Structures are given as structure tokens and as C-alpha cells.
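J.: Here's my sequence, what's the structure:
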Amino acid sequence: MNKILLTIFLLTSCFYGQAQEKTEVLLLGTYHFGGNTTDSVKVTNDSILGKRKQKEIDIVLNKLEKFKPDKIYIENEPNQQAIWDSIFNEYKNGTDIKIKSELFQIATKLAVRLNLNHGATCVDWHIKPEKTFAEKEYIKLFDNMNNYYSQNDIPNEEPQSKYEKEIIQKVKDFTKSMADLELIDVYRKLNSESYLNEMFYVNITSFLDIDKDKMNVFWSQNNMIRNVNIYQNIIQDILKTKPKRVLVLMGVGHIKALKNYLEVHPRIKIVDTEKYLK
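T.: Residues are numbered from 1 along each chain as shown. A predicted model of the protein is given here:
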């Protein structure tokens with residue numbers, strides 16, 4: 001009887017353990033190398049293909065390699081997946097590739113180092129071209145909002161609170177210094193809790209400090225909707241493919257929002273990014 005009970009207990013523990021297995025997620029906020037962005041604040045003088053920066057990239061890759069992710073998610077749309085698969089295969093086969101983007105310099109290089117069977121997975125989202133009914137309806141709302149500005153002569157630049165001005169200036173000052181700093185130190189700063197909070201404030205909630213024309217709730221939500229869709233692309237892929245560990249490489253402005261979404265999911269365990277940047 002005892003042996004039977006023991007067997008049942010062991011089987012139950014085994015099944016329970018499997019059911020509770022979580023995917024570890026390392027969220028790495030980055031800036032866009034070589035000014036490869038439409039963002040108004042950007043780094044254009046980082047000489048990312050030069051010897052100095054290439055050595056600094058190796059230092060970052062050495063640290064990320066210790067996490068050993070099974071999958072890497074990047075800030076590019078799924079319709080670009082074939083392009084990045086091709087770049088991954090060419091680089092893996094020894095082709096000398098000169099691409100400034102962090103999607104190559106960090107994500108693709110790391111995937112090859114880890115000898116993954118595939119390169120980075122594209123999970124970004126943009127409203128256009130709209131595909132679903134919801135996206136088409138949202139575009140109508142977006143266009144109506146812009147038309148309202150034109151029809152009522154509302155200026156695009158609305159008043160900023162003193163707090164918004166202060167944080168934006170801090171971000172600009174740090175951005176100007178990035179090219180001269182060691183890349184690992186840049187990543188430590190970008191992924192600190194204080195900087196992630198500042199970026200969320202600037203990108204999402206600062207609009208709401210002053211809302212003179214009663215329109216800014218929409219623009220705050222508009223900036224957030226991309227994060228929601230990126231999260232959906234990530235979580236659906238994780239639930240489908242069940243990787244043990246994943247690296248999410250995104251522009252730093254997306255990280256806090258994605259963390260908030262991911263960390264409450266029963267399948268996910270967020271790991272300490274700073275631990276891997278020491």
C-alpha cells in the first residue's frame with residue numbers, strides 16, 4: 001500500500017512540476033544603434049562598426065550568453081521574418097555582414113554564438129497596414145482625432161509640465177553621452193529601474209499632467225497600444241513553442257510596459273536583467 005501511495009505521489013509531483021514549469025524572460029532595453037530610428041531623440045555618432053564598439057559588443061554578448069536563451073524576440077514586424085532568417089543563415093555560414101542595427105549586432109550575433117537553429121523572432125507591431133477589423137476601426141478613430149486637430153486649429157505641440165520638461169532633458173543629456181560611454185555601462189543605465197520608470201513616464205503618462213484640449217488620454221493610449229500588441233505576439237509564441245528561456249530585445253521605451261504584462265502571466269518568470277549586466 002505504501003509503495004502504491006508513493007508511486008501516486010511521485011507521479012502527481014511530476015505532473016504538477018511540468019504544469020508549473022515557467023519560461024524565464026530576460027528583458028533587455030536598448031537604444032537603436034547608428035541612429036536607426038524615427039525617434040526624435042537618437043544616437044547617430046556611436047561608430048558601432050568600429051573596433052572599439054565591436055569589442056564593447058563582445059562584452060555585452062559574453063554576458064548575455066550566460067543566460068542561454070532558447071529564443072530571442074526583436075523589435076521588427078513579423079512580415080520581416082524572412083529577411084532576418086536569411087541574415088542569420090548567411091552570418092552563421094561565415095558571411096561578413098556590416099549591419100549597424102542592434103537586431104543584428106546583438107540578437108543575430110547572440111543567436112549564432114548559442115548555435116540556435118533559428119535567428120531572432122520578429123514580434124513588433126505597427127497599425128499600418130491594418131489587417132484585422134479592430135485595426136481598421138482603430139485607424140478610423142486615429143484619423144478622426146487628427147482631423148479634429150486640423151478642423152479646430154489645435155497645435156500639435158501642447159503645454160508640458162515642469163516634470164515632463166525635466167525628464168525629457170535628462171533623457172536627451174544621457175543620449176548625447178551614449179556614444180562616448182562603454183556599451184555595457186549604457187545598458188546598465190538603460191535597464192535600471194529609475195531609467196525605465198522615466199521612459200514610461202515620458203512615453204505614456206506625461207501627456208496626462210496637462211491636458212488643455214482634453215485629447216491626451218487618447219494619445220497616451222495610442223502609444224500604449226503598440227506595447228499591447230508586441231506583448232500579444234510574444235506571449236502567443238511562448239505558449240505555442242514553450243521555450244525555457246527567452247531574451248526580449250526592445251527599445252528601452254517598451255520595456256517597463258512589457259514587463260508589467262509579462263510578469264503577471266502564470267507561464268512567465270521575469271529574471272533580473274541587472275544580474276546579467278554585472
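J.: how about the nearest residue to Ile235, chain neighbours excluded?
T.: Leaving aside its chain neighbours, Ile235 sits nearest to His265 (6.3 Å; criterion: CB to CB, 6 or more residues apart in numbering). All C-beta atoms are positioned from the backbone trio N, CA, C, and that covers glycine.
J.: Give me the phi and psi for the one you found.
T.: Main-chain dihedrals, His265, degrees, to the nearest 10: phi -80, psi 130.
J.: on contacts alone, who are the packing partners of whichever strand or helix holds Leu26?
T.: Assigned by DSSP states H and E, Leu26 belongs to strand 23-30. Secondary-structure packing of strand 23-30 (3 or more CB pairs under 8 Å, 6 or more residues apart in numbering; DSSP states H and E): helix 183-190, strand 245-251, helix 255-262, strand 268-270, helix 273-276.
J.: Show me which parts of whichever strand or helix holds Lys53 are buried, residue by residue.
T.: In the assignment (DSSP H and E), Lys53 maps to helix 51-65. For helix 51-65, the neighbour count (16 or more other CB atoms under 10 Å) marks 53, 56-57, 60-61, 64 as buried.
J.: Same check on stretch 111-118?
T.: 111-112, 114, 116.
J.: How about residues contacting that stretch?
T.: Around stretch 111-118, the neighbours that count as contacts under CB atoms under 8 Å, 6 or more residues apart in numbering are 61, 65, 68-72, 85, 88, 91-92, 119-120.
J.: between the helices and strands packed on strand 23-30, which gets nearest to Ile97?
T.: strand 245-251 (17.4 Å; CB to CB).
J.: quick check: angle from the strand holding Leu26 to helix 183-190?
T.: Calculated by axes from the mean of the first three to the mean of the last three CA atoms, to 10 degrees, strand 23-30 forms an angle of 100 degrees with helix 183-190.
J.: quick check: angle from strand 23-30 to helix 255-262?
T.: Going by the same axes, to 10 degrees, strand 23-30 makes 170 degrees with helix 255-262.
J.: Adjacent strands (with direction) for strand 23-30?
T.: Counting by DSSP bridges, the strands paired with strand 23-30 are strand 245-251 (parallel), strand 268-270 (parallel).
J.: that older thread, between the buried residues of stretch 111-118, which is nearest Asp143?
T.: Each of these was scored against Asp143 by CB to CB, and Ala111 proved nearest at 39.0 Å.
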